[in-house]
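1. mind folding the following:
(3 chains)
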Amino acid sequence: MNTFNMIYDVVKKIPKGKVATYGQVAALAGNRRWARVVGYALHANPDPENIPCYRVVTKDGKPSNAFVFGGINEQIKLLEKDGIEFKDGVVDMEKYQWDTPMI
DNA sequence: CAGTTGACGGCCC
DNA sequence: GGGGCCGCCAACT
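-> Sure thing, here's the model as predicted:
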């Protein structure tokens, strides 16, 4: 169970129609300070089919400025397909942020 | 082995 | 309100 593995596990548990912030994923993975590591882990993304990295956004509810898995537009498209509403490129965190009971 | 960087977050100026 | 800096851990060079 590496740090990466825990992070991936958390990301994979993000329910459809919800999004999580990097910090939140890090907190769920075990440490809040892993925010950067989470970013790195998702960048590595060894299994994109099971790791919906597009559901992980910054605290602002915006996708990372270096999202390069197909383009920002593609990420927004995928999120909207999940039922997540985008407004001016940002998600309504109050409504769509993953409500984790374990945090 | 040591130094630097990195899909971030939070605080300070 | 906006911009910049520091800090955290792990991976990469």
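2. the helix or strand of chain A with the lowest mean pLDDT - contacts with which helices or strands?
-> Here the helix or strand of chain A ranked lowest by mean pLDDT, DSSP states H and E is helix A:72-81, holding a mean of 84. Where contact means 3 or more C-beta pairs under 8 Å, 6 or more residues apart in numbering; DSSP states H and E, helix A:72-81 is packed against strand A:86-87. (Glycine included, C-beta is placed from N, CA and C.)
3. kindly recompute the last result at 10 Å.
-> Packing partners of helix A:72-81 (3 or more C-beta pairs under 10 Å, 6 or more residues apart in numbering; DSSP states H and E): strand A:56-57, strand A:86-87, strand A:90-91.
4. Throw these into CSV and include mean pLDDT and mean neighbour count, thanks.
-> Below are these laid out as CSV (pLDDT from 0 to 100; neighbours: other C-beta atoms under 10 Å):
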stretch, mean pLDDT, mean neighbour count
strand A:56-57, 93, 26
strand A:86-87, 87, 12
strand A:90-91, 90, 19
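5. dump those into a markdown table; add distance to DNA strand C as well.
-> Listed next are these as a markdown table, based on distance: least, C-beta to the nearest atom of the strand, whole Å:
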| stretch | distance to DNA strand C |
| --- | --- |
| strand A:56-57 | 16 |
| strand A:86-87 | 17 |
| strand A:90-91 | 13 |
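6. nearest to residue A:101, out of the ones you listed?
-> strand A:56-57 (18.6 Å; C-beta to C-beta).
7. neighbouring strands - and their directions - for that closest one?
-> Here strand A:56-57 has these sheet partners by DSSP bridges: strand A:20-21 (parallel).
8. quick check: buried residues in the helix or strand following the partner strand?
-> Next helix or strand after strand A:20-21 toward the C-terminus (DSSP states H and E): helix A:22-29. Of all the residues in helix A:22-29, those buried under the rule 16 or more other C-beta atoms under 10 Å are A:22, A:24-29.
9. what packs against helix A:22-29?
-> Against helix A:22-29 (3+ C-beta pairs under 10 Å, 6+ apart) you get helix A:3-12, strand A:20-21, helix A:35-44, strand A:56-57.
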